[in-house]
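Student: show me how the following folds:
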Amino acid sequence: MPGERLTLQDRQQIAAALREDLTYAAIGRRIGRPTSTVTREVMRNGGPRGYRAEAAHRAGARPVRRRGAAPPGSAAPGGRDPRVVDEVDAQSVALMMRAGLPNMMARVLAALFTTDSGSLTSAELVRRLHVSPASISKAIGYLEEQALVRRERDPRSRAERYVVDDDVAFRSIMAGARNQIEIAEACGQAAEKLGATTPAGARLATTSRFLLHVIDDLVRSARHWHEVHSAPRTSDGRRPQ
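Tutor: Have a look, this model is predicted:
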């Protein structure tokens with residue numbers, strides 16, 4: 001029943017449903033629980049790929065709360081309910097993982113996204129995610145390669161901060177576009193070598209042309225909307241036309 005603790009049977013059903021690749025909403029309907037309950041349960045116990053019913057049940061039976069967890073009634077930075085922040089964070093991680101981001105990289109990126117400043121130090125990430133500095137370093141390296149985060153030096157503490165900017169989506173799209181252009185060009189070169197009249201050469205040539213046209217459209221659209229959303233606002237909060 002909603003509001004009651006998850007039983008071992010509930011958790012076994014969750015584990016089975018994850019193997020079936022069901023969404024959290026579908027799992028919630030199956031066991032009669034809110035989607036948010038399922039999301040938090042899975043993300044607190046290894047994520048979609050690492051969830052184990054028996055281990056999760058043992059962890060859920062412990063009376064002590066996790067290190068760093070906010071006590072009931074306390075507020076997260078900005079006056080937000082920490083339970084809401086945790087829920088948004090867990091849902092963000094789940095969506096990022098479904099999009100192909102590895103678990104630790106998704107957790108680090110979600111932590112940055114759900115922090116008002118959009119930046120955290122390695123020590124802050126270690127405390128928040130309860131992982132090792134090495135795990136954070138590896139995740140940051142991966143996210144930097146994807147143009148999702150950048151580093152900057154905190155002038156007050158001299159600590160290195162990891163930052164997710166407001167235009168992170170634009171920078172990520174542009175980085176992805178550059179990679180896709182390289183693939184398109186490689187396909188075109190391969191088509192020339194194999195011969196455009198051969199089945200393989202024709203297939204590669206078609207793939208090259210398709211990618212180049214789609215990427216061109218994507219880049220044009222991304223640049224346009226980036227300019228629109230980056231334009232300064234007027235005094236009434238509107239952007240100039």
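
Student: care to break this structure down by domain?
Tutor: Taking automatic domain parsing as the criterion, the chain consists of the domains 8-51, 102-163, 168-230.

Student: and the residue positioned nearest the centre of the chain, which helix or strand is it part of?
Tutor: The chain has Met96 as the residue nearest its centroid, 3.4 Å off, counting by Cα atoms, centre = their mean. Secondary-structure element containing Met96, defined by DSSP states H and E: helix 82-98.

Student: OK, contacts around the residue nearest to the centre of the chain?
Tutor: With contacts taken as Cβ atoms under 8 Å, 6 or more residues apart in numbering, Met96 has the following neighbours: Met105, Ala106, Leu109, Ala110. Where you see a C-beta, it was placed from the backbone N, CA and C, and this is true even at glycine.

Student: return the distance of it relative to Thr23.
Tutor: Here the distance between Met96 and Thr23 works out to 14 Å (Cβ to Cβ, to the nearest Å).

Student: Glu54 now?
Tutor: According to Cβ to Cβ, Glu54 stands 23 Å off from Thr23.

Student: how about the helices in this protein?
Tutor: With DSSP state H, the ranges of helices along the chain come out as 8-19, 24-31, 35-43, 47-50, 53-61, 82-98, 103-113, 122-129, 133-145, 168-194, 199-230.

Student: what pLDDT does the residue lying farthest from the centre of the chain get?
Tutor: When each C-alpha in the chain is compared with the mean C-alpha position (Cα atoms, centre = their mean), Thr197 comes out farthest, at 43.0 Å. For Thr197, the pLDDT comes out at 91.

Student: what does the one 5 residues further on give?
Tutor: Predicted confidence (pLDDT) for Ala202: 96.
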